[in-house]
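In: no FASTA, just this:
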C-alpha cells in the first residue's frame, strides 16, 4: 500500500534522512522505532506531504505522494496524527471532529463515522460541546485520533501517541490503535515506548541518525539482543 523508496530529506541545509526506504502493506501495523532526533517524525511528515524529499519517491496505492500537496495526500487516504496532537484548543470537541471530515468522501459518511468514533471514545460524545483545550491529555489524544478517523483513512500514521500520558491511558490508547488496525486501516506507528510498539506491530523499522539501520518481524526484533540493549535496557 505504501512504498517509501530511498528518500533523502533536508531541513534547510541540514540533512535529516539518508536513503530511507520502508513499506506498509494493506491492513498492516508497522512501527518506526529509534532514539529522539533519529528522524522518525521527519519520515512520517514527509509521507504526509509536509516535507518534499530531495530524492527518492513516496508511493501510496500507485500514486506519487511526493508530487502531491498535503490536502491531496489526505484525500488519497493518508492521515497523520502529529506528536503534539494538532487539535484546535479553542474549538469544541464536535468542531474538531467535523474538521476531520473535510474530504468529499468523508463528508458523505460523516454520520456513520461519528458513530464509529463515539463507540471507540464515548467520552468524546459526552463532551462534544466542551472546548478541546480543557480536555485532559489523554482525552486530547483520543480527540486527535477521532478527528483523523473522521477522514476515513486507509493509512493512519501516529506520531508518539503515548507521549506524556499516564500508563493506564497509554494502555487504552494502544488498545484502540489495535482495534483500528483490526478494522482494516493500515497503521504506521512512531512510538518511544519500544516494547509496546514492537508488541503491537507485525513488522518494525529502526531509524538511527536519519538512516534505517534494521527492519524485520517485530517479535524477532523484540528478542534481538542489540535492540534490547539499545532500547529496552536489557541484554
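Out: It's in. Not measured: the values here are computed from a predicted model.
In: select the longest helix from this structure.
Out: helix 167-182 (DSSP state H).
In: tell me how far residue 47 lies from residue 41.
Out: 11 Å (C-beta to C-beta, to the nearest Å). Glycine gets a C-beta too; all of them are placed from N, C-alpha and C.
In: more crowded one of the two?
Out: Between residue 47 and residue 41, residue 47 has the larger neighbour count (other C-beta atoms under 10 Å), namely 25 against 20.
In: list the contacts of the closest residue to that one other than its chain neighbours.
Out: Excluding the flanking residues, the one nearest residue 47 by C-beta to C-beta, 6 or more residues apart in numbering is residue 58, at 5.5 Å. Contacts for residue 58 (C-beta atoms under 8 Å, 6 or more residues apart in numbering) come out as 2-5, 7, 46-47, 64-66.
In: can you check residue 115 too?
Out: No contacts exist for residue 115 under C-beta under 8 Å, 6+ apart.
In: in what helix or strand does it lie?
Out: helix 110-120 (DSSP states H and E).
In: helices of this structure, start to end?
Out: Under DSSP H, the chain gives helices at 40-47, 70-75, 93-100, 104-108, 110-120, 122-126, 137-150, 167-182, 194-200, 218-223, 225-227.
In: quick one: closest of those helices to residue 22.
Out: In terms of C-beta to C-beta, the element of the helices of the chain nearest to residue 22 is helix 40-47, at 7.5 Å.
In: lowest-pLDDT helix or strand in this structure?
Out: helix 104-108 (a mean of 84; mean pLDDT, DSSP states H and E).
In: what's it in contact with?
Out: Helix 104-108 has contacts (C-beta under 8 Å, 6+ apart) with 75, 100-101, 113, 150-152.
In: just put the residues you listed in a markdown table and tack on pLDDT and neighbour count.
Out: Formatted as a markdown table, these follow (pLDDT from 0 to 100; neighbours: other C-beta atoms under 10 Å):
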| residue | pLDDT | neighbour count |
| --- | --- | --- |
| 75 | 93 | 16 |
| 100 | 91 | 24 |
| 101 | 90 | 22 |
| 113 | 91 | 20 |
| 150 | 94 | 25 |
| 151 | 93 | 22 |
| 152 | 93 | 21 |
